[in-house]
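Participant: Here is a sequence together with a model predicted from it:
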Amino acid sequence: MQWIIGIVGCLFIFSAQAQLLKDIQELSADNMQGRKTGSDGTELARQFIAQRFEKLQLGAFNTSYLQMFNYGFGQHKTGTNVVGYQRGCTYPEHYIVVTAHYDHLGNEGKNIFHGADDNASGVAALLELASRLSERCSAYSYIFIATDAEENGLYGSKAFVSSPSVPLGNITLNLNLDMIGRPDRRGRLYLTGAKRYPALIALLAQQFSYLQYLPHRGPGQGLRSLPRYDWPNASDHGPFHRAGIPYLFFGGQDHRDYHTPNDTWQNIEPEFLEQAMQAIWHTVQWLEQQAPQSLQAPN
Ligand SMILES: [Zn+2]
């Protein structure tokens, strides 16, 4: 019996879905204490992410994956991005920057805001992407950034864009992942920034019916059902967008457990997560086949 359990267990562990769930579970565990910027919980999350970067043999800028930055009034607060890279073979000077914030809201007394969907799910997907891309030489170079201090104002991505590890002109695209582990109130996962790539939308639309493609618009101009949602500034793709860098953002808007202690790994929907990961992977495979100039099409 033991060996049957062992074999079944191994098969499960080696599937991508199991790895994603395991990572979400670890990042949203009680000991991470809701991963509030500056807390011991974020330190644990950083160690977890940096160890995985090391295992995948990602490169580090300036010998460390950790990039500290100051932010806030008088710049008196400190955050730390976890940054690793992989050199590409076809377009080594062109970088696709994958971002997912690892910080969340912390805790209020015994109530821990676990942030399993927001955004352990995006970080898990970033790690999965890094793992898949490290299996062969990718066309593009990739920078993977688990950003800090997103929740209080996108400060991690702002810090990277204002002091980038490679010249901004070498960044071809930002792929941002934030809340991909369960459907939002409308049963959707959203993709924004894709209007400039109709071929990508056509490809994804064939396979992922729950994906909704939102036009890139500013506050007050969104879809009728989302009148005040400011997609370009909703998450870490915002600073890249303002710097004139194309972006693709996979994410949810909100759900009943959004920013509550009930955003737990138990409330992640494995099937949805798997589908989201597939859509993201299809997107990366599509990007890999496009020349850098063609990704600069106007939005
Ligand atoms: Zn988020």
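Facilitator: Perfect, I can see it now. This one's a predicted model, so the numbers in the text were calculated from it and none came from an experiment.

Participant: isn't Gly153 right next to Tyr71, touching?
Facilitator: Yes: the pair Gly153 / Tyr71 is scored as a contact, 7.4 Å apart, by CB atoms under 8 Å. Glycine gets a C-beta too; all of them are placed from N, C-alpha and C.

Participant: This protein against the ion: which residues are in contact?
Facilitator: Proximity of the chain to the ion is confined to 118-119, 178 under the rule CB under 5 Å from the ion.

Participant: picking that back up, in terms of neighbours, single out the busier of Gly153 and Tyr71.
Facilitator: Counted by other CB atoms under 10 Å, Gly153 and Tyr71 do not tie: Tyr71 has more neighbours, with 20 against 12.

Participant: where do the strands sit along the stretch 101-250 of the chain?
Facilitator: For the stretch 101-250 of the chain, the strands defined by DSSP state E, counting those that start in this stretch cover 107-108, 111-112, 140-147, 171-178, 189-192, 211-214, 247-251.

Participant: could these go into TSV alongside mean pLDDT and mean neighbour count?
Facilitator: Converted to TSV, the strands of the stretch 101-250 of the chain look like this (pLDDT from 0 to 100; neighbours: other CB atoms under 10 Å):
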stretch	mean pLDDT	mean neighbour count
strand 107-108	94	14
strand 111-112	96	18
strand 140-147	98	26
strand 171-178	98	25
strand 189-192	90	24
strand 211-214	73	18
strand 247-251	94	25
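
Participant: and which of the residues of the chain next to the ion is nearest to Pro92?
Facilitator: Nearest to Pro92, judged by CB to CB, of the residues of the chain next to the ion is Asp178 at 27.9 Å.

Participant: so who does the closest one touch?
Facilitator: 100-101, 118-119, 122, 150, 234-236, 249-252 (CB atoms under 8 Å, 6 or more residues apart in numbering).

Participant: how about low-confidence regions in the stretch 101-250 of the chain?
Facilitator: Applying pLDDT under 70 to the stretch 101-250 of the chain picks out residues 214-230.

Participant: Swap in 90 and give it another go.
Facilitator: Scanning the stretch 101-250 of the chain for pLDDT under 90 picks out 183-189, 195, 205-234.

Participant: What is the longest helix of the chain by residue count?
Facilitator: In the chain, ranked by residue count with DSSP state H as the criterion, the top helix is helix 270-288.

Participant: That helix: which residues count as buried?
Facilitator: Going by neighbour count (16 or more other CB atoms under 10 Å), the buried part of helix 270-288 is 272-273, 275-277, 279-284, 287.

Participant: quick one on the thing from earlier: ok, so of the contacts of Asp178, who is nearest Ser165?
Facilitator: Lowest distance from Ser165 to those (CB to CB) belongs to Asp236, with 15.3 Å.

Participant: which residues of this protein fall in helices?
Facilitator: Counting by DSSP H, the helices of the chain are 2-14, 16-27, 40-55, 122-133, 155-162, 198-207, 237-242, 270-288.

Participant: The second one: which residues count as buried?
Facilitator: Judged by neighbour count using 16+ other CB under 10 Å, the buried positions of helix 16-27 are 16, 19-21, 23-27.

Participant: try the fifth one
Facilitator: Burial within helix 155-162, assessed by neighbour count using 16+ other CB under 10 Å, is assigned to 155-161.

Participant: quick check, nearest of these to Gln293?
Facilitator: For these, the nearest to Gln293 is Val161 (21.8 Å; CB to CB).

Participant: which residues touch the closest one?
Facilitator: Residues near Val161 by CB under 8 Å, 6+ apart: 168, 239-240, 242-243.

Participant: export those to JSON lines and tack on distance to Pro261 and neighbour count?
Facilitator: JSON lines is the format used below for the contacts of Val161 (distance: CB to CB, whole Å; neighbours: other CB atoms under 10 Å):
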{"residue": "Leu168", "distance to Pro261": "38", "neighbour count": "14"}
{"residue": "Pro239", "distance to Pro261": "29", "neighbour count": "22"}
{"residue": "Phe240", "distance to Pro261": "31", "neighbour count": "27"}
{"residue": "Arg242", "distance to Pro261": "33", "neighbour count": "13"}
{"residue": "Ala243", "distance to Pro261": "35", "neighbour count": "15"}
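
Participant: Thank you kindly, that will do.
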